[in-house]
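> Next one to model:
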Amino acid sequence: MNWTNLQLSAEQIFHQLAFDPKVPMLFNTGLFMWLFLFFLGFYQYFKQKSFSRIIYIIAFSYYFYYKSSGNYVLLLLLSTLVNFYLAIEMDAKEKPSVRKLFLIIALLFNLGMLGYFKYTNFLIDIFNKLSYSHFNFTDIFLPIGISFFTFQILSYIIEIYRGNLKPLTNIGEFAFFVSFFPSLLAGPIIRPKVLIPQIRNPLELTREDISRAIFLIAAGLFKKAIISDYISLNYVDRIFDNPSLYSGFENLMGAYGYTLQIYCDFSGYSDVAIGIALLMGFRLPDNFNLPYRSASLTEFWRRWHISLSTWLRDYLYIPLGGNRKGKIRQYINIFITMLLGGLWHGASLKFIVWGGMHGSILAVEKMILPFTKKQTSRLWKIGAIILTFHFVTLCWIFFRADTFNTAIQVITQIFTKFNPQIALQVITAYKPVFLLFAIGYMLHFMPVAITQKAQLTVAKSPSFVQALILVGVIWLIIQTKSANIQPFIYFQF
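Numbering: from 1, shown residues only. Next up, the predicted model:
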């Protein structure tokens, strides 16, 4: 036996299992796939024993977060402990003023923590510009998923304050709710009434559930690692890195490309997360519902990032007054909600503009609703879908561009240097990219009945066929992937 070789192997294994900031563990990495299969193998022994299941899932969730964010796993632990005891203390108080005081403390702690990591440098920049000062920016690393688990915790705290929920008295159950790894890094933002009842309930996993889970994981990986990553690396990034080097047509295709990329990236992540949770016996809500088929921006936000849009509605728009204080106040509330929704995505002028654009048009839609709801013709609906899609695409330009000025460059190129005569030449030069454009948009706009039939076909297939489908998707990922794993877009938020 060669002791040196064994020692080297042990060191290599330890290196793989330790946090590496250059290679965080994501759903689309080979390491996660192997570890999750290992996790599932032992999970069979724990899943019907609630206490063992809770401890096992918490342990894997914390390790998963450690592999994604390193020592910031301690921040997750701190947030869990503080909010667990704040919720219990708040619920124990009878005086409304004392309950409100605990709510304010919880809001200050959670939003303060979120604000420190996301907005410190933004505020320093504003202060420097207003006061002509030269304070240095701080070197702050944004922990992955902090916005998502913070919003999830806030929904728990607020529901307890409102009297709609009793606080958990078992720290393990609360840690499970906060750290549940399928949704920890990028959602869906799970409401307490959805996940908490499932924590201790006996798990029921049917063959149909397993089939749907495999379908979701395969579809999600296909959308993320094949469509989104490929068109990003081979076309979209090039355009947005220097839009002035490309014609208006190429910039427009870059905008269409990013519109498809961000949908495939984020909905792909959500599909994988929901599928992984389902394989474990937990049911998470859908987070996307074919958003680019919307005939209005209002409908778009009912279909896009559903867990965030409903969170903003229930915990920001309605507390601001919603539609209960007159039309003008309703329009202002919509605008404020979307403006803050834009700021949630990032501390930058471009995100504020993105949120403001959405808020403005949502308010306009409310104003003209008496007219638009009377329009029922098919031609009107098609026109409304096309108009909504292009407005959303215009907004995505600001969302994607590195700076506000870059977004303006993209739009300027589209409207002043379009050069349609080079379209065929561009498409020919980027055949694989435009093929994936076509496949992505075709899958999105095809009749729902076809998608449902495909899901049903997979569900009725033998287990080995389902396994072959998943293996085939993974093989395609290997064939198309770049040297570096591409992080999910929403991890930056």
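
> Break the protein into its domains for me.
Here the domain parsing of the chain from automatic domain parsing is 43-200, 207-285+410-493.

> can you give me the helices for the stretch 251-400 of the chain?
Here the stretch 251-400 of the chain has its helices, by DSSP state H, counting those that start in this stretch, at 297-303, 306-312, 327-345, 349-367, 369-372, 378-400.

> how much does whichever helix or strand comes after the last one deviate in direction from helix 378-400?
This points to helix 378-400. Next in sequence after helix 378-400, counting helices and strands by DSSP states H and E, comes helix 404-416. Between helix 404-416 and helix 378-400, the angle comes out at 140 degrees (axes from the mean of the first three to the mean of the last three CA atoms, to 10 degrees).

> list the buried ones in helix 404-416?
Across helix 404-416, burial judged by 16 or more other CB atoms under 10 Å covers 406, 407, 409, 410, 411, 413, 414. Placement of C-beta: from N, CA and C, glycine included.

> from those, which single one is nearest residue 288?
Proximity of these to residue 288 was ranked by CB to CB; the top entry is residue 407 with 24.3 Å.

> right, and the domains of the chain - which one's nearest residue 337?
Closest of these to residue 337 is domain 43-200, at 13.9 Å (criterion: CB to CB).

> Provide a list of residues in contact with residue 149.
By CB atoms under 8 Å, 6 or more residues apart in numbering, residue 149 lies in contact with 76, 79, 178, 179, 184.

> meant to ask about residue 414
By CB under 8 Å, 6+ apart, the neighbours of residue 414 are 248, 251, 252, 255.

> one more time with 7 Å, if that's ok
Listed by CB atoms under 7 Å, 6 or more residues apart in numbering, the contact set of residue 414 reads 248, 251, 252.

> what does residue 409 give?
Neighbouring residues of residue 409 by CB under 7 Å, 6+ apart: 243, 244.

> quick one: it from residue 400, how far?
The gap separating residue 409 from residue 400 is 12 Å, by CB to CB, to the nearest Å.

> And for residue 35, nearest residue in space, chain neighbours not counted?
residue 25 (7.7 Å; CB to CB, 6 or more residues apart in numbering).

> tell me the secondary structure for that neighbour?
The assignment at residue 25 comes out as coil when based on DSSP: H, G, I helix; E, B strand; the rest coil.

> number of nearby residues for it?
For residue 25, the neighbour count with other CB atoms under 10 Å is 23.

> pLDDT score assigned to it?
pLDDT, residue 25: 73.

> ditto for the one 4 residues further on
For residue 29, the pLDDT comes out at 74.

> now the strands: where do they sit in the chain?
Using DSSP state E, the chain contains no strands.

> Residue ranges in it under the pLDDT threshold?
Filtered on pLDDT under 70, the chain yields the residue ranges 1-15, 21, 132-139, 475-493.

> Compute the distance between the residue nearest the centre of it and residue 290, please.
Most central in the chain under CA atoms, centre = their mean is residue 186, positioned 4.3 Å from the mean C-alpha point. Note on residue 186: its distance to residue 290, by CB to CB, is 20 Å.

> burial of residue 285, as a residue count?
Neighbourhood size, residue 285 [other CB under 10 Å]: 16.

> and it, what does it touch?
Listed by CB under 7 Å, 6+ apart, the contact partners of residue 285 are 188, 194, 307.

> Pipe the residues you listed into TSV and attach neighbour count and distance to residue 116 per row.
Listed next are the contacts of residue 285 as TSV, based on neighbours: other CB atoms under 10 Å; distance: CB to CB, whole Å:
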residue	neighbour count	distance to residue 116
188	26	25
194	15	29
307	23	24
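
> and which of these is nearest residue 203?
residue 194 (15.2 Å).

> Give me the nearest residue to the closest one, chain neighbours excluded.
Among residues not flanking residue 194 along the chain, residue 285 sits closest, at 6.2 Å (CB to CB, 6+ apart).

> on that earlier part again, if we compare the helices of the stretch 251-400 of the chain, which one ends up closest to residue 471?
Per CB to CB, nearest to residue 471 of the helices of the stretch 251-400 of the chain: helix 306-312, 30.5 Å.

> Name the residues that touch the closest one?
Residues from elsewhere that reach helix 306-312, judged by CB under 7 Å, 6+ apart: 151, 155, 187-189, 285-289, 301, 337, 341.

> Just the CA trace of it, in CSV.
Output of helix 306-312 as CSV, limited to C-alpha atoms (Å, rounded to 0.1, in the frame of the first residue of the first chain):
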residue,chain,number,x,y,z
ILE,A,306,-44.1,34.9,-8.7
SER,A,307,-42.7,34.4,-5.2
LEU,A,308,-41.1,37.9,-5.2
SER,A,309,-44.0,39.8,-6.9
THR,A,310,-46.5,38.4,-4.4
TRP,A,311,-44.1,39.2,-1.6
LEU,A,312,-43.9,42.8,-2.7
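
> Which positions in that helix come out as buried?
Buried residues in helix 306-312, counted by 16+ other CB under 10 Å: 306, 307, 308, 309, 310, 311, 312.

> Check stretch 161-174 too.
Going by neighbour count (16+ other CB under 10 Å), the buried part of stretch 161-174 is 161, 165, 167, 168, 173, 174.

> isn't residue 145 right next to residue 189, touching?
No. If you go by CB atoms under 7 Å, residue 145 and residue 189 don't touch, sitting 10.6 Å apart.

> distance of residue 173 from residue 425?
Counting by CB to CB - residue 173 and residue 425 are separated by 60 Å.

> got it, and residue 115?
Distance of residue 115 to residue 425, computed by CB to CB: 48 Å.

> State the number of residues packed around the residue nearest to residue 360 when sequence neighbours are not counted.
Among residues not flanking residue 360 along the chain, residue 335 sits closest, at 6.4 Å (CB to CB, 6+ apart). Neighbourhood size, residue 335 [other CB under 10 Å]: 18.

> Please shift the residue numbers so they start at 43 in all later answers.
With the count now opening at 43, the last piece we talked about shows up as residue 377.

> who are the neighbours in contact with residue 377?
401, 402, 405.

> Between those, which sits nearest residue 337?
Nearest to residue 337 out of the contacts of residue 377 is residue 405 (CB to CB; 17.5 Å).

> Can I get the contacts of helix 348-354 in TSV including distance to residue 310?
What follows is these, written out as TSV (distance: CB to CB, whole Å):
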residue	distance to residue 310
193	21
197	24
229	13
230	13
231	17
327	17
328	13
329	11
330	9
331	15
343	20
379	27
383	22
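
> Could you work out the most separated pair of the residues you listed?
328 and 379 (22.0 Å).

> Looking at those two, which one has more neighbours?
A side-by-side neighbour count of residue 328 and residue 379, using other CB under 10 Å, places residue 379 first with 24 against 14.
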